[in-house]
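Chemist: Here's my sequence, what's the structure:
(one chain, ligands or ions: 1)
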Amino acid sequence: MQYFWAVGAVGGRRGLALSTVAEPAPRFFRQIGAYCSVDTLYAFGAAPMTDATVASVLEPTDRPFGDTGHRHADVVMAGAGPAGLAAALAVAQAGQRVTVLAPGVGPAGLAPARAIDLRTTAVLGDGIAYLQRLGVWERVAAVSAPLAGIRLIDDRNGWFRAPEVLFRAAETGRVAFGYNIPNAPLVAGLLAAATENAAVTLIETRGVVRAAPSTESVVLETQEGLFFRAKLAIAADGRASVVRAAAGIRTREWSYPQTALVVSFGHSRPHDGISTEFHRAVGPFTTVPLPDDRWGHASSLVWVETPDEAARLMALGDDAFVVAVERRLGGLLGRLRNLGPRAKFPLKGLMATTTGRNRVALIGEAAHVVPPIGAQGLNLGFRDGAALAEALSGLNGDPGDAVVTTRYARARAADLVSREIGIDLLNRALLTNMAPLQAMRGLGLHALANSPTLRRAAVEMGLRPPGPVPALMQPLAEV
Ligand SMILES: Cc1cc2nc3c(=O)[nH]c(=O)nc-3n(C[C@H](O)[C@H](O)[C@H](O)COP(=O)(O)OP(=O)(O)OC[C@H]3O[C@@H](n4cnc5c(N)ncnc54)[C@H](O)[C@@H]3O)c2cc1C
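Modeler: Presented below is the predicted three-dimensional model:
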């Protein structure tokens, strides 16, 4: 894919694009393109291709590339994770027709059934209003638990031990900071809402394999050889986004010496709606409330460890694993039972240099991946969708116009940069043994423990991004 894009970009810059339409010239230029990366070409100021050039290099020679050769949509989206599905609904509410190309969205899908996502998501603040406005909240409310409080416990055993800090939602005039929602029913609820929405078309595919933005439109090709032409492409195809790469959007990527292990379980003592985050030298160990079930109380756990220790914990039998969790919790939730299946996630970071460019808008992990500290990842993804809908609302013209993608990218920039820096600092402050950083962290927690005003300010910072709240996130009703 990159070759074709590269060829076109070279063509756009040198003025050769339209002269290379005839065979066998494109094949020759593909060879040249193989030696250039997309980034290099953009760095030289290469211009996007015209539709005619895209046609010449993207379309297989045995297939006509005209109105008969591909399907049309206003907006086409690759990927159907929680951030993407929510964005599809949001963009549909902004008056656009959206075609979603992804595995696991069709009734009799081509792709193997979606692997069940064992994670739960603490959807904070305005994220619940977003789900309400998208018609999804009523589908997941019954399996969600309110977060009435967040407790931080310093478990580093360092020389500077900080006091416990408890943030209570009531202290900030709220019933709850948000709700903890299991990912599997959340995605199922989003998918059901998308299926019922006449402006959203779901197309099952093994994946989008190529994308080609041009000056007039953007074409996505699926693994099954179908072509979709639209004015705007939404890249919601996760961290290894094919569509992001085709738009020439660069990323910074890094990894942490940490793996997160997730599991849900029942327990004998109530959690009282409080999520508890133990700050340990290898990373946080966080329990998050789930609704009581017929056996009693339940919680989900995100346990961040070194990769070796996480592998050892994954391999433990259930009884030994329960003992390990109970030991860490020190009796906080009583005796554990009904242990669910475990999954692990190596921790990585990724940040795209922009979220909108060349008829492509990035959503969710295609734009940003952050470690699971402070429950920010999908909350950021939800804010992406709401901001994109805002950039498109009331629009009569071209949804992929640079005015729209630039407006969207500007709206997301401050939130993304501030969260990336904040979360990375928090995580590294746990990992480091540097005395001054530990002292600063401890002093910060001391101040929070003793000052309701500081606690309220920290909560507002954690729940509300800088800048105006998009219409789709405006509070609807206290839930
Ligand atoms: C342990 C852990 C705990 C977390 N807890 C929280 C939390 O409490 N709160 C919070 O806000 N966030 C949390 N997160 C982050 C959150 O889970 C992610 O941000 C979220 O799942 C990302 O959703 P997404 O839709 O962007 O990406 P994904 O879920 O990765 O979806 C991408 C989709 O694209 C599809 N796809 C991939 N390639 C292609 C292709 N080529 N063509 C078409 N489709 C394609 C995939 O099949 C998939 O459906 C946590 C993360 C981890 C690791």
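Chemist: count of neighbours near whichever residue of the stretch 351-479 of the chain sits closest to the ligand?
Modeler: Closest contact between the stretch 351-479 of the chain and the ligand, by Cβ to the nearest ligand atom, is at residue 364 (2.2 Å). Any C-beta I mention is one placed from the backbone N, CA and C, and that applies to glycine too. By the criterion of other Cβ atoms under 10 Å, residue 364 has 29 neighbours.
Chemist: Spatially, which residue comes closest to it, not counting chain neighbours?
Modeler: residue 83 (2.7 Å; Cβ to Cβ, 6 or more residues apart in numbering).
Chemist: for residue 254, same thing?
Modeler: residue 349 (4.7 Å).
Chemist: Can you read off the pLDDT for the residue most central in space within the chain?
Modeler: Centroid-nearest residue in the chain: residue 364, 3.0 Å away (criterion: Cα atoms, centre = their mean). Residue 364 is assigned a pLDDT of 97 by the prediction.
Chemist: That one contacts residue 239, doesn't it?
Modeler: No - if you go by Cβ atoms under 8 Å, residue 364 and residue 239 don't touch, sitting 9.1 Å apart.
Chemist: can you list the residues of this structure near the ligand?
Modeler: Near the ligand, the residues belonging to the chain are 78-84, 101-103, 119, 121-122, 207-208, 236-238, 242, 260, 262, 302, 345, 364-365, 372, 375-379, 381 when assessed by Cβ under 6 Å from any ligand atom.
Chemist: Of these, which belong to strands?
Modeler: Residues of those located in strands (DSSP state E): 78, 101, 102, 121, 122, 208, 260, 262, 302, 345.
Chemist: Pick the one among those residues closest to residue 194.
Modeler: Of all those, residue 194 sits closest to residue 102, with 10.4 Å by Cβ to Cβ.
Chemist: what residues are up against that closest one?
Modeler: 77, 78, 79, 80, 84, 202, 203, 204, 205, 207, 237 (Cβ atoms under 8 Å, 6 or more residues apart in numbering).
Chemist: got it, and residue 419?
Modeler: Contacts of residue 419 by Cβ under 8 Å, 6+ apart are 368, 370, 376, 380, 465.
Chemist: what do you get for residue 126?
Modeler: For residue 126, the contacting residues are 383, 386, 463, 464, 469, 473, 474, 475, by Cβ under 8 Å, 6+ apart.
Chemist: do residue 307 as well
Modeler: With Cβ under 8 Å, 6+ apart, residue 307 has these contacts: 257, 258, 259, 346.
Chemist: just to revisit the earlier point, could you tell me which residues make contact with the residue nearest to residue 364?
Modeler: Residue 83 touches 236, 363, 364, 365, 378, 381, 382, 384, 385, counting by Cβ under 8 Å, 6+ apart.
Chemist: Just those: which are in helices?
Modeler: Counted as lying in helices by DSSP state H, out of those, are 378, 381, 382, 384, 385.
Chemist: Can you tell me the element the closest residue to the last one other than its chain neighbours falls in?
Modeler: Looking back up the chat, that one is residue 385. Once flanking residues are discounted, residue 385 sits nearest to residue 87: 3.3 Å by Cβ to Cβ, 6+ apart. Assigned by DSSP states H and E, residue 87 belongs to helix 82-93.
Chemist: Can I get that helix in CSV? Just the C-alpha atoms.
Modeler: Provided in CSV are the C-alpha atoms of helix 82-93 (Å, rounded to 0.1, in the frame of the first residue of the first chain):
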residue,chain,number,x,y,z
PRO,A,82,-15.7,0.6,21.3
ALA,A,83,-14.2,3.9,20.3
GLY,A,84,-15.0,3.4,16.6
LEU,A,85,-18.6,2.1,17.0
ALA,A,86,-19.4,5.0,19.3
ALA,A,87,-17.8,7.4,16.7
ALA,A,88,-19.9,5.9,13.9
LEU,A,89,-23.1,6.6,15.9
ALA,A,90,-21.9,10.1,16.8
VAL,A,91,-21.1,10.9,13.2
ALA,A,92,-24.5,9.5,12.1
GLN,A,93,-26.1,11.9,14.6
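Chemist: and the residue nearest to residue 254, how many neighbours?
Modeler: 19.
Chemist: tell me which of the contacts of residue 83 is nearest to residue 332?
Modeler: Of these, the one sitting nearest to residue 332 (Cβ to Cβ) turns out to be residue 378, at 25.7 Å.
Chemist: re the thing from before, for the contacts of residue 126, which PyMOL command selects only the ones that are buried?
Modeler: In PyMOL syntax, the buried subset of those is picked out as below (16 or more other Cβ atoms under 10 Å):
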select buried, resi 383+386+463+469+473
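Chemist: Could you export the contacts of residue 126 as TSV, including secondary structure and distance to residue 134?
Modeler: As requested, the contacts of residue 126 are exported to TSV (DSSP: H, G, I helix; E, B strand; the rest coil; distance: Cβ to Cβ, whole Å):
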residue	secondary structure	distance to residue 134
383	helix	13
386	helix	9
463	helix	19
464	coil	19
469	coil	15
473	helix	10
474	coil	13
475	coil	14
